[in-house]
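J.: please work out how this folds:
(one chain, ligands or ions: 2)
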Amino acid sequence: MSYKITDGAKAKQTVLSPYTHFFTETVEVGRISPLLFFEAGHSTYNHERFYWQNADKTMTLVGIGHAHILMNEKKHGRYSDISDKWQQLCSKLVKEEKDMAPVLFGGFSYDEQNRHHSEWNEFPSSYFFVPSFQLKIADGKTLLSVNLITDSENATTIFDKLREERDRLIHIAQVEEFDITVKNKVIETIERGKEKYIEAVENVTQQIKEGKADKVVIARAIELEFEQDLAATTVLQAITNEQQESYHFGLQVGTSLFFGATPERLIEVKDGKVYSACVAGSIRRGKSAKEDRELGEELLGDPKNREEHQHVVSMISKVFESYCEDVLIPKIPKLMKIRDIQHLYTSVEGSIGQQNNIFSFVEALHPTPALGGVPTTVALEMIRKHEEMDRGYYAAPIGWTDASGNGEFAVGIRSALIQANHAYLYAGGGIVADSDPNEEYDETWVKFRPVLRSLGGKLNG
Ligand SMILES: C=C(O[C@@H]1C=C(C(=O)O)C=C[C@H]1O)C(=O)O
Ligand SMILES: [Mg+2]
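T.: Ligands and ions are numbered 1, 2, ... in the order given. This next block holds a predicted model:
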């Protein structure tokens, strides 16, 4: 058996047998740039990598190679399926290490009941993997782990080879140069179904006025074609420089890369505490500090945006009230200012109840009314009917968990999918009774900006 166990999303998952063991070894190393480590995996593990950095930069994770893939195409029970499989894997851990560092990284599609033939064909309903080589920068330490999940009798020999490979990757990351000056050249920008989008917003607004729903988030996509194929590391490098105060993520599935810079946390579990965030309601940044402050005040006092926001607060509060103790949610939103946009923001925290793990929170929360609507089921029906696209992993949970149950999922907005020389960008907005289609259209352009700029595209709107 070689240490490259699988090949892309279509590969078989290793079958767990009574003889399967999950071997892991973590060493502390000198400083390594996470992006250079990601790049070091380029030639051998081109389609088997992930990148993650949380918004306050206290957790950076890079994964290279597939030690094990967990995925499913389930319409029901997909969260507990991944959770159970991860628990099973963890029960195979050979517990020689003090520090159980291995993580499971991946995501879920937005709507498992609304998949079309689209650019998302390579993405299953759920897709996670344990990387063979994992870089984790947290608590002032740079840790490198090697993970091997196997029932082979030759595990020791395989693991020795993996250690050699680890050293080779570290060496490349520390020594080789990486050209960050590459400029992508856009040769075409296609707005997909602009009229359809406007119509969808009008239609949904009308139905909200008729009392059929309170809020529905409608999204659209633009497609860019480039002169040359895009390189994953270059794209990630650009996005991390774009929007500093956000989560930066990249997930390779098949030949695609899903990446973005999202300001929105879905759920974090950390040592018995849980955190979420309500991010909804938007206005642009001002050209001067004064105008910026005025726009912020306008947003805080605007009934339409406050309504968009309050729906999110109510729903997340309900989930926290029933899943947690010591729930803490401020009564009034604050402003979250990021490079191109200001949002209304309310923090949410609680203490985790015993029965619940991170996947039960993901299941209970996704989609919040920030990306779905109120009532959720009605909103999802309207999205399926009017949006007429496959959101894929856009607006969906993406993140990681570890063997001790800690982890974090962000909402995959301000994001795009990349395939060869094409990029597909997605953005939407919360529609309520007072929404105006043209203003919503403009708001999506502001939300396209960070990803668009990182790819070298032209900014409209
Ligand atoms: C739908 C998106 O963002 C969501 C919609 C917002 C709004 O309409 O004000 C704000 C933040 C997010 O909850 C997106 O970025 O695509
Ligand atoms: Mg909005």
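J.: only C-alpha atoms, please: export stretch 279-291 in CSV.
T.: Extracted C-alpha coordinates of stretch 279-291, given in CSV (Å, rounded to 0.1, in the frame of the first residue of the first chain):
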residue,chain,number,x,y,z
VAL,A,279,-24.1,38.7,10.7
ALA,A,280,-26.9,40.2,8.6
GLY,A,281,-27.8,43.7,7.4
SER,A,282,-25.4,45.6,5.3
ILE,A,283,-24.2,49.0,4.0
ARG,A,284,-21.1,50.0,2.1
ARG,A,285,-18.0,51.6,3.6
GLY,A,286,-17.7,55.4,3.5
LYS,A,287,-15.1,57.2,1.4
SER,A,288,-14.1,59.3,4.4
ALA,A,289,-14.0,58.4,8.1
LYS,A,290,-17.0,60.8,8.6
GLU,A,291,-19.1,59.3,5.8
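J.: is that stretch positioned near ligand 1?
T.: Yes. Using C-beta under 6 Å from any ligand atom, we find that stretch 279-291 touches ligand 1 at 279, 280, 281, 282. The C-beta positions use only the backbone N, C-alpha and C, and glycine is treated the same way.
J.: quick one, helices of this protein?
T.: With DSSP state H as the criterion, the chain has helices at 34-40, 78-90, 155-175, 194-209, 232-242, 289-301, 303-323, 358-365, 376-387, 437-454.
J.: out of those helices, deepest packed?
T.: helix 34-40 (a mean of 24; mean count of other C-beta atoms under 10 Å).
J.: what does that helix contact?
T.: 49, 51, 53, 60, 62, 64, 135, 137, 169-170, 172-174, 176, 178, 232-233, 236-237, 240, 250 (C-beta atoms under 8 Å, 6 or more residues apart in numbering).
J.: CA atoms only: put it into PDB for me.
T.: C-alpha atoms of helix 34-40 as PDB (Å, rounded to 0.1, in the frame of the first residue of the first chain):
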ATOM      1  CA  PRO A  34       1.200  28.100   6.100                       C
ATOM      2  CA  LEU A  35       0.800  29.100   2.400                       C
ATOM      3  CA  LEU A  36       4.300  27.900   1.600                       C
ATOM      4  CA  PHE A  37       3.500  24.600   3.300                       C
ATOM      5  CA  PHE A  38       0.300  24.400   1.200                       C
ATOM      6  CA  GLU A  39       2.300  25.100  -1.900                       C
ATOM      7  CA  ALA A  40       4.800  22.400  -0.900                       C
END
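J.: just give me how far it sits from the chain centre.
T.: Centroid displacement of helix 34-40 relative to its chain, using C-alpha atoms, centre = their mean, to the nearest Å, is 19 Å.
J.: which non-adjacent residue is nearest residue 397?
T.: Closest residue to residue 397 apart from its sequence neighbours, by C-beta to C-beta, 6 or more residues apart in numbering: residue 409 at 4.4 Å.
J.: what does the stretch 101-250 of the chain have sitting close to ligand 1?
T.: Contact residues, the stretch 101-250 of the chain versus ligand 1 (C-beta under 6 Å from any ligand atom): 217, 219.
J.: was I right to think residue 119 contacts residue 417?
T.: Yes. Residue 119 lies in contact with residue 417 (C-beta atoms under 8 Å); the separation is 5.7 Å.
J.: thinking again about what came up before, nearest to residue 303, of the residues of stretch 279-291 next to ligand 1?
T.: Using C-beta to C-beta, residue 281 comes nearest to residue 303 of the residues of stretch 279-291 next to ligand 1, at 10.4 Å.
J.: what's the local residue count around the closest one?
T.: 26 (other C-beta atoms under 10 Å).
J.: ok, the most centrally placed residue in the chain - contacts?
T.: Among the residues of the chain, the one closest to the centroid is residue 398, at 3.3 Å (C-alpha atoms, centre = their mean). Residues in contact with residue 398, defined by C-beta under 8 Å, 6+ apart, are 106, 107, 108, 249, 251, 258, 409, 410, 411, 412.
J.: got the contact list for residue 313?
T.: Neighbour list for residue 313: 278, 329, 333, 346 [criterion: C-beta under 8 Å, 6+ apart].
J.: what sits closest to residue 279 if chain neighbours are left out?
T.: That would be residue 264: by C-beta to C-beta, 6+ apart, it lies 4.4 Å from residue 279.
J.: the one you found contacts residue 411, correct?
T.: Yes. Judged on C-beta under 8 Å, residue 264 makes contact with residue 411 at a distance of 4.1 Å.
J.: can you pull the contacts of the closest residue to ligand 2 within the stretch 51-200 of the chain?
T.: Residue of the stretch 51-200 of the chain nearest ligand 2, by C-beta to the ion: residue 197 (14.1 Å). Counting by C-beta under 8 Å, 6+ apart, residue 197 makes contact with 218, 220, 441, 444.
J.: and the furthest pair within the residues you listed?
T.: 218 and 441 (10.3 Å).
J.: who touches both of the two?
T.: The overlap between the contact sets of residue 218 and residue 441 (C-beta under 8 Å, 6+ apart) consists of 197, 201.
J.: any idea how far ligand 1 is from the residue nearest to the centre of the chain?
T.: 14 Å (C-beta to the nearest ligand atom, to the nearest Å).
J.: excluding its backbone neighbours, what's nearest that residue?
T.: Residue 398's closest residue in space is residue 107 (C-beta to C-beta, 6+ apart), at 3.7 Å.
J.: who's the one you found bridged to?
T.: residue 127, residue 398 (DSSP bridges).
J.: neighbours of it, just the number please.
T.: 25.
J.: ok, it touching residue 127?
T.: Yes. With contact defined as C-beta under 8 Å, residue 107 counts as touching residue 127 (6.5 Å).
J.: need the residues touching each of the two.
T.: Counting by C-beta under 8 Å, 6+ apart, the common neighbours of residue 107 and residue 127 are residue 251.
J.: show me how this protein divides into domains.
T.: 21-175, 186-454 (automatic domain parsing).
J.: quick one: contacts for residue 388?
T.: 193, 196, 200.
J.: what about 7 Å?
T.: residue 196 (C-beta atoms under 7 Å, 6 or more residues apart in numbering).
J.: what would the residues of stretch 279-291 next to ligand 1 look like in CSV with distance to residue 188?
T.: CSV is the format used below for these (distance: C-beta to C-beta, whole Å):
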residue, distance to residue 188
279, 32
280, 32
281, 33
282, 28
